[in-house]
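Asks: Sequence first, predicted coordinates after that:
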Amino acid sequence: MSSAGAVLLRQTLRLSGAQRALSGALTPWRGRRATHDPGKILCDVAIAVALGGDCLADLALVRAQPGLFGPVASDPTVSRLVSTLAADIGASLAAIRAARAQARAAVWARRRPLAGRAGTRDGGLVIVDIDATLVTAHSDKQHATGTHKRGFGFAPMCAFVDHGEHGTGETLLAQLRPGNASPWNARDHIEAVDLALAQLPETERDQVLIRADSGGCSQALLHYLTELGLEYSIGFPAQDGVKAAIDAIPAQAWRAAIDSDGGPRDGAQVAELTTWMPTPSRASHSAARTWPPGMRVIARRERPHPGAQLRLTDRDGWRITCFATNTRAPGWTLPDLEVRHRQRARAEDRIRGQKDTGMRNLPFHGFTQNQIWLEIAALAADLLAWTQTLAFDQHEPARRWEPKRLRLRVLTVAGRIIHSGRRHRLRLPRDWPWNHLIHTGYTALHTS
């Protein structure tokens, strides 16, 4: 077999209960004479995507290894199931997402992927990154339109849990949108928050930080997060109010910025602008358009790197970037808050990993069929992240590998199943450098 390392994915499916949860949730869409279970079908497609597949035809990779994956449905059967689920997209999508949330809760109950204790600052905070991205369509597909970057395709809204420095992250949401959907749409961001929170275990939903770029900086979203009692760290546009505050702030208000390792960041400083932000006049702003109470605006200024193009918002040769937050807990200094927000760049890593795991290519013509495909791709990405969480210690470098490296070094190694003495053994190439990861990972998953 060519995917011996995928035995780790099978064990993760067993421990998470994802297949059982999907089988129960999709019972209404199973035909009376159906041979293959819908939950098993979706899990098989998710494994194919996790192994690098990007269309239904790539299920042949899983079907060709029955000793590892068991019987696998034919391509027409899988296609009919996707069409059946897409015809009732509202109910089927809710069922699939509920099953994913149930599996996530089971994984987190076995090993919480975040460092520290729940409810504490030392890693207990659950950080959810929300961001929109673009997916190119290379042929005419339903609702594929021109994008704001002059491309053609779709603009899905995504949400990820950041596992921090000792891990990768999980895909909470991949909501398909037409290509002309705005990355600044407040309603889409609010919907993304609700759907992302529903994916988290119930015991984790009260200690969430929502993090986004300036596309999520709307008064509607910040008011909504404040009403939910959640913390936020949202990019803030450097407009006229910020410019006035930069001009008014005293020089001694700027403090040295730090890097993620706690060391000083050369040529960078941070300051809080909240006190110096001008108050909007009633003539131009109604009460409904004010920012929520408790919001803080923090700016970072840094010398642009040599050759960088200066922007209109840059002041006196400094590049200015801002973000809004409502965090006021003791111990959070301005440099700490700025580093926490700058680590939002990890969301770009998660998007890249998700595009390497099924989101780069949407194989169907129909919009609802492609939404079902995105749910399968999100499950595939979760399987990879859950496998890394459950199989490896937090200090093992493999726990931080992106999907491409994980599948090339661990999942797609060749092997042979040996039947001897009523036992099944998996033999791997003797000189494969990463055999120890498969062995230790399988041991950890098998004994859980």
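Replies: Now that the structure is in, tell me what you want to look at.
Asks: May I have the distance across stretch 423-439, first residue to last?
Replies: Stretch 423-439 has its terminal residues 17 Å apart, counting by Cα to Cα, to the nearest Å.
Asks: May I see the buried residues of it?
Replies: Leu426, Leu428, Trp432, Asn435, Leu437, Ile438 (16 or more other Cβ atoms under 10 Å). Just so you know, the C-beta spots here come from the backbone N, C-alpha and C atoms, and that holds for glycine as well.
Asks: next one: stretch 260-278
Replies: Across stretch 260-278, burial judged by 16+ other Cβ under 10 Å covers Arg265, Ala268, Gln269, Val270, Ala271, Glu272, Leu273, Trp276, Met277.
Asks: could you point out which element follows the helix or strand harbouring the second one?
Replies: The one in question is Ala268. Here Ala268 sits within strand 264-272, counting by DSSP states H and E. Scanning forward in sequence from strand 264-272 by DSSP H and E, the next helix or strand is strand 296-302.
Asks: Only C-alpha atoms, please: export the helix or strand following that next one in PDB.
Replies: Where DSSP H and E defines the elements, the next helix or strand beyond strand 296-302 is strand 319-325. C-alpha atoms of strand 319-325 as PDB (Å, rounded to 0.1, in the frame of the first residue of the first chain):
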ATOM      1  CA  ARG A 319       4.600  53.000   9.000                       C
ATOM      2  CA  ILE A 320       1.500  53.100  11.200                       C
ATOM      3  CA  THR A 321      -0.700  50.100  11.900                       C
ATOM      4  CA  CYS A 322      -3.500  50.000  14.400                       C
ATOM      5  CA  PHE A 323      -5.900  47.500  16.100                       C
ATOM      6  CA  ALA A 324      -8.800  47.700  18.500                       C
ATOM      7  CA  THR A 325      -9.200  45.500  21.600                       C
END
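Asks: okay, the angle between strand 319-325 and strand 264-272?
Replies: 60 degrees (axes from the mean of the first three to the mean of the last three Cα atoms, to 10 degrees).
Asks: Partner strands of strand 319-325, with direction?
Replies: Strand 319-325 pairs in its sheet with strand 231-236 (antiparallel), strand 296-302 (antiparallel), by DSSP bridges.
Asks: which outside residues touch the first one?
Replies: Which is strand 231-236. 125, 208-217, 221-222, 225, 242, 297, 321-327, 337, 340-341, 344 (Cβ atoms under 8 Å, 6 or more residues apart in numbering).
Asks: burial count for Gln65?
Replies: 17 (other Cβ atoms under 10 Å).
Asks: so which of the strands paired with strand 319-325 comes closest to Phe392?
Replies: Phe392 lies closest to strand 231-236 among these, at 28.7 Å (Cβ to Cβ).
Asks: can you give me the offset of that closest one from its chain's centre?
Replies: 17 Å (Cα atoms, centre = their mean, to the nearest Å).
Asks: cool, and stretch 392-400?
Replies: How far stretch 392-400 lies from its chain's middle: 19 Å, per Cα atoms, centre = their mean.
Asks: What are the buried residues along it?
Replies: Buried residues in stretch 392-400 (16+ other Cβ under 10 Å): Phe392, Gln394, Ala398, Arg399, Arg400.
Asks: measure that stretch end to end?
Replies: Stretch 392-400: ends 10 Å apart by Cα to Cα.
Asks: which residues of the protein fall in strands?
Replies: 126-132, 135-136, 145-146, 152-154, 157-162, 169-175, 208-212, 231-236, 255-258, 264-272, 296-302, 319-325, 416-420, 423-427 (DSSP state E).
Asks: May I have the strands that pair with the third one, each with its orientation?
Replies: Which is strand 145-146. Partners of strand 145-146 in the sheet, by DSSP bridges, are strand 152-154 (antiparallel).
Asks: pLDDT of the partner strand, averaged?
Replies: The average pLDDT within strand 152-154 is 97.
Asks: Can you tell me what sits against it?
Replies: Contacts for strand 152-154 (Cβ under 8 Å, 6+ apart): 134-137, 141, 143-147, 176-179, 362, 370.
Asks: swap the cut-off to 6 Å and go again
Replies: Contact partners of strand 152-154, identified using Cβ atoms under 6 Å, 6 or more residues apart in numbering, comprise Val135, Thr136, Ala137, Ala144, Gly146, Leu176, Gly179.
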